[in-house]
Structures are given as structure tokens and as C-alpha cells.
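Colleague: I would like to see how this sequence folds:
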Amino acid sequence: MSELIETTMYQVSQVFLLPTLALIALLFLYAFWVLGEFAVLAWRRRGGAGRPLLALHRAAAPQGLSEDELDLQAHRLLEGPRIASRVTPMLGLVATMIPMGPALKGLSDGNLARVSDNLTVAFSAVILALIAASITFWVANVRRRWLAEEMLLIAQGVTAGPAGAR
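Modeller: Down below sits the predicted model:
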């Protein structure tokens, strides 16, 4: 009975390798999308634009958005990079652990090529996952600061002009 459960768990875990690798690949591409978006926003901020909360607040004239609405919008703007920065390392760990079973089995059978193949997949996946997580974590934190600065400008009544003039 124990062997049946162990074999079933092993087979089920192997099913998740390809979807996990696909998600890591998508999140890796997403991280570079977010980085490009961040670079464009940074470039626009140098010229006084690129302030999404300020733009939303001005568009909701005459009173603008409430503090809670601004906070909600800030969270919405950060949601993708924040989730990616937390989920990607977990997927990297999963993608590392799944091939370890076949690698250890290959080692016990004396099949070093199988060990090498499985460890290559495992470590490549975790490296890509950590790079993606690092990029999205950095972007999310800098954007969080930018959004906090915008909320402060709005609280101080600065709602117009590229340099934040009243």
C-alpha cells in the first residue's frame, strides 16, 4: 500500500514539471515586459509625466479621488509585479525539486547522463525564476515609492503641471 501511494505521488508530481517550466518561462518574459514598462515610465517621469495616480486624480475632477480610492489604484498598479516577485521563486523551487527524483533514481542506477539532464533542467529553471523574481521585486519596490510620492503630492494639493506645480 505504501509503495502504491509513493509511486502515485511521484507520477503526479512529474505531471507538474512541464506546466511549472512553462509558467517560469512566461514569468521570465513578463519580468522583462515589466522592466521595459518601468524604463518607459522612468523616462516619462523625467519629463514630468508618467505619474498614473496624479493623472487618475486629475481625471476624477472636480473633487478627485479619495485617499482610499488612490490607495486601491496604487495597489492595483503594483499587483502584477508583486505577485510575480513572490510566486516565481516558489515555482523555481518546484521546478528544482521535481527533476531531483529522476536524477536520484538515475544516480542509483548508475545512469549519469540522466542525472546530468535532470539537474540541468532543475538548476536552469531556478536560475530563470530567481532572475525574474529579482527584476519584478526591484520594479515593484521602486514603483511603490513613486506611487507613495504621488499620493503625498496629491495630499499636499499638487495636482497640475509637469513639475508638480499647483
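Colleague: mind jotting down where the helices sit in this protein?
Modeller: Under the criterion DSSP state H, helices of the chain are mapped to 2-15, 17-46, 52-59, 67-97, 100-109, 112-155.
Colleague: any chance of those helices in a markdown table, with mean pLDDT and mean neighbour count too?
Modeller: Placement of C-beta: from N, CA and C, glycine included. Shown next, in a markdown table, are those (pLDDT from 0 to 100; neighbours: other C-beta atoms under 10 Å):
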| stretch | mean pLDDT | mean neighbour count |
| --- | --- | --- |
| helix 2-15 | 91 | 10 |
| helix 17-46 | 97 | 16 |
| helix 52-59 | 90 | 17 |
| helix 67-97 | 96 | 17 |
| helix 100-109 | 90 | 15 |
| helix 112-155 | 95 | 17 |
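Colleague: can you give me the neighbour number for residue 1?
Modeller: Using other C-beta atoms under 10 Å, residue 1 has 5 other residues around it.
Colleague: gap between it and residue 7?
Modeller: 11 Å (C-beta to C-beta, to the nearest Å).
Colleague: with residue 51 instead?
Modeller: 57 Å.
Colleague: next up, the contacts around the closest residue to residue 88 other than its chain neighbours.
Modeller: Leaving aside its chain neighbours, residue 88 sits nearest to residue 133 (4.1 Å; criterion: C-beta to C-beta, 6 or more residues apart in numbering). By C-beta atoms under 8 Å, 6 or more residues apart in numbering, the residues touching residue 133 are 31, 84-86, 88-89, 92.
Colleague: 10 Å instead, please
Modeller: Shown in contact with residue 133 (C-beta atoms under 10 Å, 6 or more residues apart in numbering): 27-28, 31, 84-92.
Colleague: surely residue 146 is in contact with residue 44?
Modeller: No. Residue 146 lies out of contact with residue 44 (C-beta atoms under 10 Å); the separation is 11.2 Å.
Colleague: got the contact list for residue 44?
Modeller: By C-beta under 10 Å, 6+ apart, the neighbours of residue 44 are 50-51.
Colleague: gap between it and residue 52?
Modeller: From residue 44 over to residue 52 (counting by C-beta to C-beta), the distance is 10 Å.
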